[in-house]
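Generate coordinates for the sequence data below:
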Amino acid sequence: MSDAMTQELFRIDAYLQECEATVIAVTESGLILDRTVFYPLGGGQAGDKGWLTVTSGAIAGQRLQIDDTRKAKDAAGINTAAICHVLSAESAVRTGQLQPGDRVNARIDWDCRHRLMRFHTSTHLLCHVIPQLVNGCSITPAYARLDFNMTEPLDKEELSNAIAILVAGAHPVNVGSITDAELDANPTLVKSMSVAPPRGSGQIRTIRIGTELNLIDLQPCGGTHVGNTAEIGNVVVTKIEKKSATTRRVVLGFA
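So this is what the prediction gives:
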């Protein structure tokens, strides 16, 4: 398992909804493919759901439901470079004849993914509106929340209005990268107190909202995002909670 790798097509294009792939492992946790459009749980963002249609092998023609996507783990419980597509209970019992080398068509639940993309970009806008460090994050198809390390009170209406202005501004959202050295020289790009950007490859993926002349937000991020803030739509702050003396939780939802 430690040698298995999955090509992460979603890192290149978050709008890809399907791809052809080859099964490289059938495990108790799920299926490992050589390439995928499914985003695995990570960075606060939920894993994708969807379907695999088997196109070759003993069970060709069968449609398998994927209930979650996770980073695969080796025998020591360490995340590997492979991605595990977690099957529904009903689909799992039908994979006994599925073999490495069988081909599948992998298709994500696009409505679910697009909501995740819209919410994820919204959380980056919220980081601009509230320039404080984040010590917790959860992005689901139903809501998104950020926990900010701060003591000052926050106002729902003011935050919602500020986000609405940024959404209406139709700012471009672009994937880029910086080197480890560039990040070391600009440590304030990291907004999270609990999750460090992955290092070791020489390049760290970034998400930029706005342009160099009108920069809204720039930070390391491996998640999926919309291409323009206008695509987010009507997102509002639905709740603000005081989680501790130094933590304020902000919850986002679609109006």
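
Work out the gap between the longest helix seen in the chain and the centre of the chain.
Counting residues, the longest helix found in the chain (DSSP state H) is helix 110-129. The gap between where helix 110-129 is centred and where its chain is centred comes out at 9 Å by CA atoms, centre = their mean, to the nearest Å.

With stretch 184-198 instead?
With CA atoms, centre = their mean, you get 17 Å for stretch 184-198.

Repeat that for stretch 180-188.
For stretch 180-188, the distance to the chain centre is 23 Å (CA atoms, centre = their mean).

what does the average pLDDT come to for it?
Confidence over stretch 180-188 (mean pLDDT, whole number) is 92.

same deal with stretch 198-215?
89.

Could you shift the numbering so residue one becomes 15, and keep it that way?
Fine by me, first position is 15 from now on; the one you just mentioned is stretch 212-229.

Send me it as PDB with only the CA atoms.
Only the C-alpha atoms of stretch 212-229 are listed here, as PDB (Å, rounded to 0.1, in the frame of the first residue of the first chain):
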ATOM      1  CA  PRO A 212       2.400  19.900   3.300                       C
ATOM      2  CA  ARG A 213       6.200  20.200   2.600                       C
ATOM      3  CA  GLY A 214       8.700  18.100   0.900                       C
ATOM      4  CA  SER A 215       7.800  18.300  -2.800                       C
ATOM      5  CA  GLY A 216       9.400  21.700  -3.300                       C
ATOM      6  CA  GLN A 217       6.200  23.400  -4.200                       C
ATOM      7  CA  ILE A 218       3.300  24.400  -1.900                       C
ATOM      8  CA  ARG A 219      -0.100  24.800  -3.600                       C
ATOM      9  CA  THR A 220      -1.800  28.200  -3.000                       C
ATOM     10  CA  ILE A 221      -5.200  29.800  -3.600                       C
ATOM     11  CA  ARG A 222      -5.200  33.500  -4.600                       C
ATOM     12  CA  ILE A 223      -8.400  35.500  -4.500                       C
ATOM     13  CA  GLY A 224      -8.100  38.800  -6.400                       C
ATOM     14  CA  THR A 225      -5.200  40.100  -8.500                       C
ATOM     15  CA  GLU A 226      -1.800  41.300  -7.600                       C
ATOM     16  CA  LEU A 227      -3.100  44.900  -7.700                       C
ATOM     17  CA  ASN A 228      -6.200  44.000  -5.700                       C
ATOM     18  CA  LEU A 229      -5.300  41.100  -3.600                       C
END
